[in-house]
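A.B. asks: no FASTA, just this:
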């Protein structure tokens, strides 16, 4: 199952909630070339790679999906990560950007439910990004340009969850997960 959304829409909050509720799910840790933030841990939040190491893994066909999200900033899902989760007998829960989700959905088809988490408006999304206090004015402008494009992808996904009130979005996502996997 893949959850996708523009940055700041709440997909990671929703995914973390699903992981607490359902021990049959395992988070797919993405690889990235971006810098590690103070609260992050390599191998838990992301696999932090140099650009050179990431490009080598691309050449070696080691990714399920990958993308250069911003100039010089790569993100992707390693095949070894998906295999690690399957070997544990668990279902993979992806938290990826819109293009990565599109690639995963194409690869796994009906075996994968793709959920698009949508903010109530672009203005609310800008405020959420500002509230994080992780963005400079320059990176905020880059993210704004990107999320306006990403919002146009909504119709490419199986289900849309509007994250206006977090409690409602969590309840809706929980029902979607239960229904798709047949969890009690």
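C.D. replies: Looks like it came in fine. These numbers were taken from a predicted model, which means no experiment stands behind them.
A.B. asks: lowest-pLDDT helix or strand in this structure?
C.D. replies: In the chain, no helix or strand scores lower on mean pLDDT, DSSP states H and E than helix 122-132, which sits at a mean of 77.
A.B. asks: elements contacting the helix or strand that comes right after that helix?
C.D. replies: With elements assigned by DSSP states H and E, the helix or strand that comes after helix 122-132 is helix 137-150. Contact partners of helix 137-150 among helices and strands, from 3 or more Cβ pairs under 8 Å, 6 or more residues apart in numbering; DSSP states H and E: strand 63-70, helix 122-132. Backbone N, C-alpha and C define where each C-beta goes, glycine included.
A.B. asks: and the first one, how far out from the chain's middle?
C.D. replies: When C-alpha coordinates are averaged (Cα atoms, centre = their mean, to the nearest Å), strand 63-70 and its chain have centres 12 Å apart.
A.B. asks: Helix or strand next in line after that strand, which one?
C.D. replies: strand 73-78.
A.B. asks: what separates the helix or strand just after that following strand from the chain centre, distance-wise?
C.D. replies: Past strand 73-78, heading to the C-terminal end, the next element that is a helix or strand (DSSP H and E) is helix 79-87. Averaging C-alpha positions (Cα atoms, centre = their mean) puts helix 79-87 17 Å from its chain's average.
A.B. asks: residues making contact with helix 79-87?
C.D. replies: 26, 28-31, 47, 62-64, 91-92 (Cβ atoms under 8 Å, 6 or more residues apart in numbering).
A.B. asks: Mind checking which of the residues you listed land in strands?
C.D. replies: When DSSP state E defines the strands, the subset of the contacts of helix 79-87 inside them is 26, 31, 47, 63-64, 91-92.
A.B. asks: for the residues you listed, which one is nearest residue 73?
C.D. replies: Ranked by distance to residue 73 (Cβ to Cβ), the ones in strands among the contacts of helix 79-87 are led by residue 31 at 11.7 Å.
A.B. asks: thought the closest one was touching residue 49?
C.D. replies: Yes - when contacts are counted by Cβ atoms under 8 Å, residue 31 is listed as touching residue 49 (5.4 Å).
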